[in-house]
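K.L.:
3D, please:
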Amino acid sequence: MTMTRIEALQERCIGAGNCVDVAEKYFDLGDDGLVVALRETVEDGDESLVRRAVGICPATAILLHDAGS
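P.N.:
Residues are numbered from 1 along each chain as shown. Below you'll find the model as predicted:
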C-alpha cells in the first residue's frame, strides 16, 4: 500500500480553519493562525477524510503526495 504524505503550505494559508474542522487529527492552526500538519502521512482508512479537508481549503494550502514522490 502506498502511503500518502501531507504537505501544509503556510505561505498560502489564510487561516480559515476548514481543515481543522474536518480533520483535527491531521491539522491545527499554529500561534500565527496558519495551518500546521500534525502528521506526516495519512493513516489507513483516513484518506477520504484528509482529501475532504484538502478540497475545502479556500487557499489550496494543503497538498497530498504519494510517499515515494
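K.L.:
In space, what's closest to the residue most central in space within the chain - neighbours in sequence excluded?
P.N.:
Centroid-nearest residue in the chain, with Cα atoms, centre = their mean: Ile62, separated by 4.8 Å. Nearest non-adjacent residue to Ile62, counting by Cβ to Cβ, 6 or more residues apart in numbering: Val54, 4.8 Å away. C-beta: built from backbone N, CA, C; applies to glycine.
K.L.:
neighbours of that neighbour, just the number please.
P.N.:
Neighbour count of Val54, defined by other Cβ atoms under 10 Å: 20.
K.L.:
what's the distance between stretch 11-21 and the middle of its chain?
P.N.:
Chain-centre distance of stretch 11-21: 9 Å, with Cα atoms, centre = their mean, to the nearest Å.
K.L.:
And the residue nearest to Ile62, which helix or strand is it part of?
P.N.:
Using DSSP states H and E, Val54 falls within helix 47-56.
K.L.:
C-terminal to that helix, what's the next element?
P.N.:
That would be, after helix 47-56 and using DSSP H and E, strand 62-66.
K.L.:
that older thread, right, and the residue nearest to the centre of the chain touches Cys19 too?
P.N.:
Yes. Applying Cβ atoms under 8 Å as the test, Ile62 and Cys19 come out as touching, 6.0 Å apart.
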